[in-house]
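Colleague: Here is my input, please return the structure:
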Amino acid sequence: MTTPDPITASVIQASLIAAADEMFAVLRKTAMSPIIYEVLDVGTGITDPAGELVSSGAGIPTFVGVLDKAVRRIVEIHGRDAIRPGDCFVTNDPYYGGVTHLNDVVIALPVFSGGDLVAWAASIAHWNDVGGKTPGSMAVDVAEIFQEGLRLPAVKLFEDGAPISSVFDIIAANSRLPDFVQGDLWAQVAASRKAESRIRQLVETYGLEAWRAALAALFEEGERRGRAGLATLPQGTFRIEERQDDGAVWQASITISADRFTVDLSGNPRQRTAPYNTSRDGAVISAQMIFKALTDPTLFANSGSFRALEVITEPGTIFHATGTAPHGYYFETRIRLADMLWQCMARALPERLPAGSFASICGTVIAGNHPDTARRFTMVEPQMGGWGATSERDGLDAMYSANHGETFNCPVEICEARYGLDVAFKRLNDGDAGAGLHSGGKGLQTSYRLRAPAVLSAGYSRAREPVWGLEGGASGGVNGLSVIHPDGRRDRLTFASGVKLEPGDELLIETANGGGWGRTAG
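Modeller: Predicted coordinates for the structure are as follows:
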């Protein structure tokens with residue numbers, strides 16, 4: 001391959017970033033579900049023909065980390081030679097490139113120019129309902145993935161540019177919200193098509209050879225940045241064990257050498273017949289998060305950024321589930337793993353990394369019929385909490401977890417209009433948990449009041465084991481979810497589904513403060 005002209009390569013690379021961002025904008029503006037257009041529970045990206053991440057748009061970092069893995073699996077399943085112009089694929093199954101759980105749907109479109117496969121445009125978004133035992137498709141009382149909803153095993157969605165109507169019909173028939181899933185599906189397709197047009201313009205303008213050279217240079221730059229950051233880290237092996245809310249003990253070791261950052265997750269609990277497993281790819285994403293934070297904490301990221309990273313997992317464990325293990329609440333397992341790896345390195349580098357954060361998605365799903373219109377709805381709402389203090393400042397208040405990235409809370413006005421709930425308050429915690437030389441950021445207290453019957457599903461971790469402080473800083477406390485009935489009875493929940501709510505019930509959410517950093521004077 002010829003050496004790329006640096007100016008041309010820079011233009012192509014910048015255009016790819018812009019194309020991924022444009023995908024994100026299209027998806028945000030055309031989706032039907034507030035979890036997408038308000039919360040931004042999505043990720044967009046462009047890969048090379050083999051599925052190596054080239055550029056990413058805004059959105060959830062750990063969602064962006066799914067896309068290259070999903071495309072590689074699609075190529076593996078179908079074979080590169082069998083992929084044709086006009087094809088488009090859909091997957092949501094963690095055993096077929098979906099990586100996460102069945103609600104998170106990947107749309108991947110191969111991009112051709114002059115008959116050559118030059119890239120993939122892919123997106124992932126949370127769909128409100130894909131069937132399964134409970135509205136919102138996030139049941140806790142399941143033992144196999146079959147019970148969690150519709151599985152889409154990297155199947156074709158379009159062929160020769162035309163939609164495969166039977167696949168669309170299957171998707172619609174398996175959702176309690178068929179209009180919404182179809183609307184969100186088409187929004188993802190539109191996003192990929194926008195990127196497709198931009199990529200074709202680039203290849204046609206600069207030529208295939210310049211295109212390929214620019215991608216190679218981009219990967220080399222990612223690797224250079226990653227290895228330069230690796231050289232600044234202390235070499236050695238760092239170990240951690242951490243007790244979880246259910247009493248299980250997780251462990252990890254991180255070994256840093258001159259040319260390798262190895263995360264070893266051997267010896268962890270076996271996979272469960274419950275929805276608290278993650279795929280190996282999910283565990284890799286958690287390791288990518290800490291590696292990127294330590295080596296090159298910038299927006300620049302592609303597959304080359306992670307060439308110095310190695311992740312060791314054991315098949316059949318919670319971090320490498322196999323067979324038919326369910327994955328509905330994979331996100332709590334993955335965020336707990338990311339937080340444990342973060343804590344491992346924060347102990348070794350307390351001046352560089354903050355104390356613990358509330359570190360839970362605190363996913364809250366309320367499904368029912370709108371009290372005014374009788375239209376069926378499903379509210380999917382992650383929660384915000386406190387981030388840990390650093391060696392230089394207090395933690396940030398009311399943020400989403402680092403895993404959740406550039407997401408936003410659903411505005412009160414949208415929540416009340418679309419779902420028919422009353423939001424009584426949303427305010428910062430008034431407790432002093434997370435005290436220290438620098439204090440942890442504040443969590444939130446939120447109250448939803450029911451105007452009509454509904455069904456609740458939720459998944460909250462860090463509900464028993466508190467947020468960790470650093471260098472003598474105090475714990476930030478725990479996350480909590482309670483249903484308060486009109487007669488004063490109070491049911492405290494952590495993981496639950498199918499919980500019946502009645503008019504007058506109040507749902508009280510309390511997220512933890514971040515951990516404190518350093519001991520207070522005296």
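
Colleague: So for Tyr206, what's the pLDDT?
Modeller: Here the pLDDT value assigned to Tyr206 is 94.

Colleague: Grab the nearest non-local neighbour of it.
Modeller: For Tyr206, ignoring the flanking residues on the chain, the nearest one in space by C-beta to C-beta, 6 or more residues apart in numbering is Thr8 at 5.8 Å. All C-beta atoms are positioned from the backbone trio N, CA, C, and that covers glycine.

Colleague: residues contacting the one you found?
Modeller: Each residue near Thr8 by C-beta atoms under 8 Å, 6 or more residues apart in numbering is listed here: Tyr206, Ala210, Ala214.

Colleague: a strand runs through it, doesn't it?
Modeller: No - according to DSSP: H, G, I helix; E, B strand; the rest coil, Thr8 belongs to no strand; its state is helix.

Colleague: Quickly note the distance from it to Thr205.
Modeller: With distances taken as C-beta to C-beta, to the nearest Å, Thr8 is found 10 Å from Thr205.

Colleague: What is the burial count for Ile35?
Modeller: As a burial measure, Ile35 scores 26 neighbours (other C-beta atoms under 10 Å).

Colleague: quick one: secondary structure of it?
Modeller: Classification of Ile35 using three-state DSSP returns helix.

Colleague: What is the distance between stretch 464-484 and the centre of its chain?
Modeller: Relative to its chain's centre, stretch 464-484 lies at 22 Å (C-alpha atoms, centre = their mean, to the nearest Å).

Colleague: again with stretch 120-131
Modeller: Distance, stretch centre to chain centre, for stretch 120-131: 12 Å (C-alpha atoms, centre = their mean).

Colleague: Straight-line length of it, end to end?
Modeller: End-to-end distance for stretch 120-131, by C-alpha to C-alpha, to the nearest Å: 28 Å.

Colleague: average pLDDT for it?
Modeller: Averaging pLDDT along stretch 120-131 gives 96.

Colleague: likewise stretch 382-393?
Modeller: Here stretch 382-393 scores 96 as its mean pLDDT.

Colleague: Okay, buried residues for it please.
Modeller: Within stretch 382-393, the residues scored as buried using 16 or more other C-beta atoms under 10 Å are Pro382, Gln383, Met384, Gly385, Gly386, Trp387, Gly388, Ala389, Thr390, Ser391.

Colleague: so what does the helix or strand harbouring Glu209 touch, helix or strand wise?
Modeller: Element membership for Glu209 (DSSP states H and E) is helix 208-230. If you count contacts as 3 or more C-beta pairs under 8 Å, 6 or more residues apart in numbering; DSSP states H and E, helix 208-230 packs onto helix 6-30, strand 53-59, strand 116-126, helix 178-206, helix 280-295.

Colleague: a markdown table for those, including distance to Pro234?
Modeller: What follows is the helices and strands packed on helix 208-230, written out as a markdown table (distance: least, C-beta to C-beta, whole Å):
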| stretch | distance to Pro234 |
| --- | --- |
| helix 6-30 | 32 |
| strand 53-59 | 28 |
| strand 116-126 | 35 |
| helix 178-206 | 40 |
| helix 280-295 | 11 |
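
Colleague: By mean pLDDT, show me the worst of the ones you listed.
Modeller: strand 53-59 (a mean of 82).

Colleague: which element follows that one toward the C-terminus?
Modeller: Next along the chain after strand 53-59, taking DSSP H and E as the criterion, comes helix 61-78.

Colleague: So which bits of that following helix are buried?
Modeller: Going by neighbour count (16+ other C-beta under 10 Å), the buried part of helix 61-78 is 61-75, 78.

Colleague: Nothing else from me, thank you.
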